[in-house]
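Engineer: Here's my sequence, what's the structure:
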Amino acid sequence: MNRFVFESYKIEELKRKVEGAGVPAPTRVEVIMSLVWTCARNAWCSNLVSPRSTLMLQPMDLRSRVPFYGCFLHRKPTDNVPS
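Structural biologist: Numbering: from 1, shown residues only. Take a look at the predicted model:
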């Protein structure tokens, strides 16, 4: 399994870039996940003739944040528009 390490100043640069694109106050997790997903999606779609929709699943452990127990999935459908 690969491990990616991002320097904090690089994450802050990405946050400023995303905020400039109109995303209000993105979190560090949102910035990194969007970068990783965009790169993975672009690599996958580079071999396709026509773009296809993709779906990212992000498991979350909310036990320490909410008064009940359980794990939830957040899904966000995306359109593959060349960037």
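
Engineer: Check which helices and strands whichever helix in the chain runs longest sits against.
Structural biologist: Ranked by residue count, the top helix of the chain under DSSP state H comes out as helix 28-45. For helix 28-45, the helices and strands in contact under the criterion 3 or more CB pairs under 8 Å, 6 or more residues apart in numbering; DSSP states H and E are helix 8-20, strand 54-61. The C-beta positions use only the backbone N, C-alpha and C, and glycine is treated the same way.

Engineer: Please identify the most buried of these.
Structural biologist: With neighbours defined by mean count of other CB atoms under 10 Å, none of these is more surrounded on average than helix 8-20, at a mean of 13.

Engineer: pLDDT on that one, on average?
Structural biologist: Computed over helix 8-20, the mean pLDDT rounds to 90.

Engineer: could you check the angle helix 28-45 makes with it?
Structural biologist: Using axes from the mean of the first three to the mean of the last three CA atoms, to 10 degrees, the interaxial angle of helix 8-20 with respect to helix 28-45 works out to 80 degrees.
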